[in-house]
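K.L.:
Build me a structure from this.
(chains A and B)
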Amino acid sequence: DAGVIQSPRHEVTEMGQEVTLRCKPISGHDYLFWYRQTMMRGLELLIYFNNNVPIDDSGMPEDRFSAKMPNASFSTLKIQPSEPRDSAVYFCASSPFYSRAGELFFGEGSRLTVL
Amino acid sequence: GDSVTQMEGPVTLSEEAFLTINCTYTATGYPSLFWYVQYPGEGLQLLLKATKADDKGSNKGFEATYRKETTSFHLEKGSVQVSDSAVYFCALRTGGNQFYFGTGTSLTVIP
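P.N.:
Down below sits the predicted model:
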């Protein structure tokens, strides 16, 4: 079975440019999470969706960040305009059901470098 | 609030040494507990989990026991290998569907 698929794997852009990261969750998973990982702050939850609806976006750092999930098989995380401090690895993860026993399945991440 | 505290790294061990990475948690209710592993350049992978008190999760020689009385979920392995070098994350999931991750512990195993 295919796991969580993220694209691009690597993105290098210049400050001020728009960045769009993409995620395809595992089929049948009801929950989708976006995380950001940096050396300084570790793993941070940005936002999560249940059945395509955003449930908690309190981790989104500021208005420059937005996330959408137009259908059950696709989500985007957009940064506009990007800044050097946004450089990080962004992970998408999905989870199969509303149960405290269900684990997260992570994608391989998108490494963003903003110059 | 709910949280996870895990042992600071980095940890460096010789091959075949015994490994312990400490993890304690704070949570209301009855969370599930997880250990994830992240190899260089990869995403996090589930290593093991336990869903109720006294459960023992195990995988690839790693073990962790859900201790409600001490609110702990320490990761252990009897004999580490070079291939175990990675970053290990302790995590909990609450009934509210939130996941909380520790800061990660970097392990390097030298031959």
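
K.L.:
what's the burial count for whichever residue of chain A sits closest to chain B?
P.N.:
Closest residue of chain A to chain B, C-beta to the nearest C-beta: residue A:106 (3.8 Å). The C-beta positions use only the backbone N, C-alpha and C, and glycine is treated the same way. Number of residues near residue A:106 (other C-beta atoms under 10 Å in any protein chain shown) recorded here: 23.

K.L.:
Which pLDDT value goes with it?
P.N.:
Residue A:106 is assigned a pLDDT of 94 by the prediction.

K.L.:
Not counting sequence-adjacent ones, nearest residue to it?
P.N.:
In space, residue A:106 comes closest to residue B:43 once its chain neighbours are excluded; the distance is 3.8 Å by C-beta to C-beta, 6 or more residues apart in numbering or on different chains.

K.L.:
what do you get for residue A:73?
P.N.:
Nearest-residue entry for residue A:73: residue A:24, 5.7 Å, with adjacent residues in sequence omitted and distances by C-beta to C-beta, 6+ apart.

K.L.:
So that neighbour sits against residue A:74, correct?
P.N.:
Yes: between residue A:24 and residue A:74 a contact is recorded at 6.0 Å, counting by C-beta atoms under 8 Å.

K.L.:
More neighbours: these two, which one.
P.N.:
When residue A:24 and residue A:74 are compared for neighbours, residue A:24 comes out ahead with 19 against 14, by other C-beta under 10 Å.

K.L.:
Bridge partners for that one, pull those for me.
P.N.:
Assessed by DSSP bridges, residue A:24 has beta-bridge partners residue A:5.

K.L.:
Where does residue A:85 sit: helix, strand or coil?
P.N.:
Judged by DSSP: H, G, I helix; E, B strand; the rest coil, the three-state class of residue A:85 is helix.

K.L.:
burial of it, as a residue count?
P.N.:
11.

K.L.:
Excluding residues flanking it in the chain, which one is nearest it?
P.N.:
Nearest-residue entry for residue A:85: residue A:114, 7.8 Å, with adjacent residues in sequence omitted and distances by C-beta to C-beta, 6+ apart.

K.L.:
I'm done for today, thanks for sticking with me.
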